[in-house]
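Colleague: Here's a sequence, model it:
(one chain, ligands or ions: 2)
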Amino acid sequence: MALEKIVFKGIDIPGRTEISVYEDGGGYAQWKRVLSEKIEPNELIETVKASGLRGRGGAGFPTGLKWSFVPADSPKPKYMLCNADESEPGTFKDREILEKDPHQLLEGVLLGSYAIGANTAYIYLRGEFVKGWKMVERAIAEAREAGYIGKNVLGSGFDIEVWTHRGAGAYICGEETAMINSLEGKRGEPRLKPPFPAVEGFYKCPTIVNNVETLAAVPKIVENGPEWYGQWGTEKSKGTKLWSVCGHVARPGVYEVPLGYPAQKFFEEDLGGCWNGNKLKAVIPGGSSVFAMTPDEFFACNLDYESIAEHGSMLGSGGMIIFDETACLVEASTVIAHFYAHESCGQCTPCREGCGWVLRMFRDIEAGQPQPGAKDVLLDVMDQIFGATICPLGDSIVMPIKSMMEKFPEEFEYYIREGKSMVTGKTRLAQLAQPDKPENWRRGEPFDYPREQDYKTSFKGLAHDLSRGPEPLFTKFEDE
Ligand SMILES: Cc1cc2nc3c(=O)[nH]c(=O)nc-3n(C[C@H](O)[C@H](O)[C@H](O)COP(=O)(O)O)c2cc1C
Ligand code: SF4
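Modeller: Ligands and ions are numbered 1, 2, ... in the order given. This is a model prediction of the structure:
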């Protein structure tokens, strides 16, 4: 079958962020049809269920099934929360939709709200997404002006309000229950589940949290039907998926391909292989929180939930990080450990203490002063974090680092034994002390990255940090 874009279909149309252009392309037709034909909310749920759409935020939970968990007869108000927090290193796909096609997302939010009986929807955006937030705000204002949002929408008797909320820079607020706490004005700390948000979420009311990419697919599914959507993908992984690709790759960017697309074809034909014709060393396919894959594992798999799992990793959010032969995986592990240690909310002891412990051990290794038995101690600490925490952030430091240690043991053993990187022949300290680095690079303790570096690591993915390319060290952020 022909390769077709679904979520990104209109993204390159000039002026697409304006409501008139979106409407010219068939935009809001489904919203109008659902309201004018008074389609039963349950019919929408069944359509999305039958399409096989799975959540694109990381867990891959079936979307229609999740919607069906909202108790329709509950007297409490119901809420739709769109998760636009996107802060995981390597993941930068939702940002494209927010900035370039906000109306398609908004139509998905409206249809989803109608399906679950929510009269209020929130779009929770990562605070640094200034442009995306402005685009979504403008889209909401235009849709309100056009009568698609508000009281008694288009005379249907259905009321819906949509609000944006901007986070304050915490990755953990992308976890759905931390997001709900944050929206309620509390600390962004995950809650124990159950109860699940569909039953008891925002202000203890039934709440659905869905990712941007998930909701942006809904208008097309409602327009064309579940069979149409299901013609792409595999039996259990239907439709298309956005992949944000970064690292040592010839053509980084955001790609939409059908689920089940062969990974080797994607890497060689679409991405053009590694940059500079270098050799591939490893791939983290689903954002920094999942297991690293060797080239053999990666090339043997197809890009869908089941096949990636069969070959040793997870699809996650679709944030693909490519490491070529010049990447030192010990140093990559330090960057990853730094991110999770910094972002731990601190509620659970294994995550709060363990992430910092892992980071300190990697810093010692990189300084050429490893603790005795460093490799075994690291593995032991990570085993004590894994599965022992309230939310999966604790697991997220373990999966990439432990898999790299197990799949590339010689790199870690060499660094610990020789006190320098097997790849670069230097310690990280020696590399950081290069004269071309800004003076405040080593402010504080030797490996304490400057604050700006924190943002860059989560903002742009690991690519720049690992590549040590020619870009300026500090990323300047857009002014509001
Ligand atoms: C630490 C952590 C961070 C997360 N960050 C995001 C995020 O930025 N965006 C997102 O959509 N889901 C994120 N998730 C997953 C959400 O908890 C949730 O599963 C998702 O938003 C549900 O939407 P979906 O069913 O459409 O995928 C995160 C999960 C964890 C544990
Ligand atoms: S695992 Fe970490 S981030 Fe998640 S709740 Fe526990 S301490 Fe917080």
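Colleague: And the residue of the stretch 151-300 of the chain found nearest ligand 2, how far from ligand 1?
Modeller: Residue nearest to ligand 2 within the stretch 151-300 of the chain: Pro190 (4.2 Å; C-beta to the nearest ligand atom). C-beta here means a position set from N, CA and C on the backbone, and glycine is covered the same way. Separation of Pro190 from ligand 1 (C-beta to the nearest ligand atom, to the nearest Å): 7 Å.
Colleague: where does that residue land in three-state SS?
Modeller: coil (DSSP: H, G, I helix; E, B strand; the rest coil).
Colleague: what's near enough to touch it?
Modeller: With contact taken as C-beta atoms under 8 Å, 6 or more residues apart in numbering, Pro190 is in contact with Ile172, Glu175, Thr177, Ala178, Asn181, Cys345, Gln347, Ile390, Cys391, Leu393.
Colleague: Excluding covalently adjacent residues, which one is nearest to it?
Modeller: Spatially, and ignoring its direct neighbours in sequence, Pro190 is nearest to Cys391 (3.8 Å; C-beta to C-beta, 6 or more residues apart in numbering).
Colleague: Verify the stated contact: the one you found with Met179.
Modeller: No: using C-beta atoms under 8 Å, Cys391 is not in contact with Met179; the gap is 11.3 Å.
Colleague: What's the local residue count around Ala263?
Modeller: When counting by other C-beta atoms under 10 Å, one arrives at 23 neighbours for Ala263.
Colleague: Tell me who's in contact with it.
Modeller: Residues counted as contacts of Ala263 (C-beta under 8 Å, 6+ apart) are Pro285, Phe298, Phe299, Ala300, Cys301, Asn302, Leu303.
Colleague: Tell me the most packed of these, by neighbour count.
Modeller: Within these, most neighbours by other C-beta under 10 Å means Pro285, with 29 neighbours.
Colleague: ok, back up a step: count of neighbours near the residue nearest to Pro190?
Modeller: Neighbours around Cys391, by other C-beta under 10 Å: 22.
Colleague: can you pull the contacts of it?
Modeller: Ile172, Glu175, Thr177, Ala178, Pro190.
Colleague: any idea how far Gly90 is from the first one?
Modeller: Read that as Ile172. To Gly90, Ile172 is 17 Å away according to C-beta to C-beta, to the nearest Å.
Colleague: In terms of packing, which of the two has more residues around it?
Modeller: Comparing Ile172 with Gly90 by other C-beta under 10 Å, the one with more neighbours is Gly90, at 28 against 23.
Colleague: Name the nearest residue to the more buried one, ignoring sequence neighbours.
Modeller: Nearest to Gly90 is Gly319, by C-beta to C-beta, 6+ apart, at 3.4 Å.
Colleague: What backbone torsions are found at that neighbour?
Modeller: Backbone torsions for Gly319, taken as degrees, to the nearest 10, come to phi -90, psi 100.
Colleague: Distance check, it against Leu183.
Modeller: Counting by C-beta to C-beta - Gly319 and Leu183 are separated by 24 Å.
Colleague: Same drill for the two, tell me which one is more crowded.
Modeller: Gly319 (28 against 21).
Colleague: In this structure the more buried one contacts Asp94, no?
Modeller: No: the pair Gly319 / Asp94 is not scored as a contact, 10.4 Å apart, by C-beta under 8 Å.
Colleague: Which parts of the stretch 101-250 of the chain are strands?
Modeller: Shown for the stretch 101-250 of the chain, the strands assigned by DSSP state E, counting those that start in this stretch span residues 120-125, 161-166, 207-211, 240-247.
Colleague: would you turn these into a markdown table with mean pLDDT?
Modeller: Shown next, in a markdown table, are these (pLDDT from 0 to 100):
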| stretch | mean pLDDT |
| --- | --- |
| strand 120-125 | 98 |
| strand 161-166 | 97 |
| strand 207-211 | 98 |
| strand 240-247 | 97 |
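Colleague: Check whether the host helix or strand of Arg352 comes into contact with ligand 1.
Modeller: If you go by DSSP states H and E, Arg352 is part of helix 349-366. No: under the criterion of C-beta under 6 Å from any ligand atom, ligand 1 is not reached by helix 349-366; the shortest gap measures 10.2 Å.
Colleague: List the buried residues for that helix?
Modeller: 350-359, 361-363, 365-366 (16 or more other C-beta atoms under 10 Å).
Colleague: Stretch 206-224 now?
Modeller: Quick answer for stretch 206-224 (16+ other C-beta under 10 Å): 206-222.
Colleague: Please flag which of those sit within helices.
Modeller: Judged by DSSP state H, the buried residues of stretch 206-224 include Val212, Glu213, Thr214, Leu215, Ala216, Ala217, Val218, Pro219, Lys220, Ile221, Val222 as members of helices.
Colleague: Now distance to Lys236 and pLDDT too, for those residues, in JSON lines please.
Modeller: Output for those, formatted as JSON lines (distance: C-beta to C-beta, whole Å; pLDDT from 0 to 100):
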{"residue": "Val212", "distance to Lys236": "23", "pLDDT": "98"}
{"residue": "Glu213", "distance to Lys236": "18", "pLDDT": "98"}
{"residue": "Thr214", "distance to Lys236": "16", "pLDDT": "98"}
{"residue": "Leu215", "distance to Lys236": "21", "pLDDT": "98"}
{"residue": "Ala216", "distance to Lys236": "21", "pLDDT": "98"}
{"residue": "Ala217", "distance to Lys236": "16", "pLDDT": "98"}
{"residue": "Val218", "distance to Lys236": "19", "pLDDT": "98"}
{"residue": "Pro219", "distance to Lys236": "23", "pLDDT": "98"}
{"residue": "Lys220", "distance to Lys236": "20", "pLDDT": "97"}
{"residue": "Ile221", "distance to Lys236": "17", "pLDDT": "98"}
{"residue": "Val222", "distance to Lys236": "22", "pLDDT": "98"}
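Colleague: Reformat those as JSON lines; add distance to Gly52.
Modeller: What follows is those, written out as JSON lines (distance: C-beta to C-beta, whole Å):
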{"residue": "Val212", "distance to Gly52": "19"}
{"residue": "Glu213", "distance to Gly52": "15"}
{"residue": "Thr214", "distance to Gly52": "12"}
{"residue": "Leu215", "distance to Gly52": "16"}
{"residue": "Ala216", "distance to Gly52": "16"}
{"residue": "Ala217", "distance to Gly52": "11"}
{"residue": "Val218", "distance to Gly52": "13"}
{"residue": "Pro219", "distance to Gly52": "16"}
{"residue": "Lys220", "distance to Gly52": "13"}
{"residue": "Ile221", "distance to Gly52": "10"}
{"residue": "Val222", "distance to Gly52": "14"}
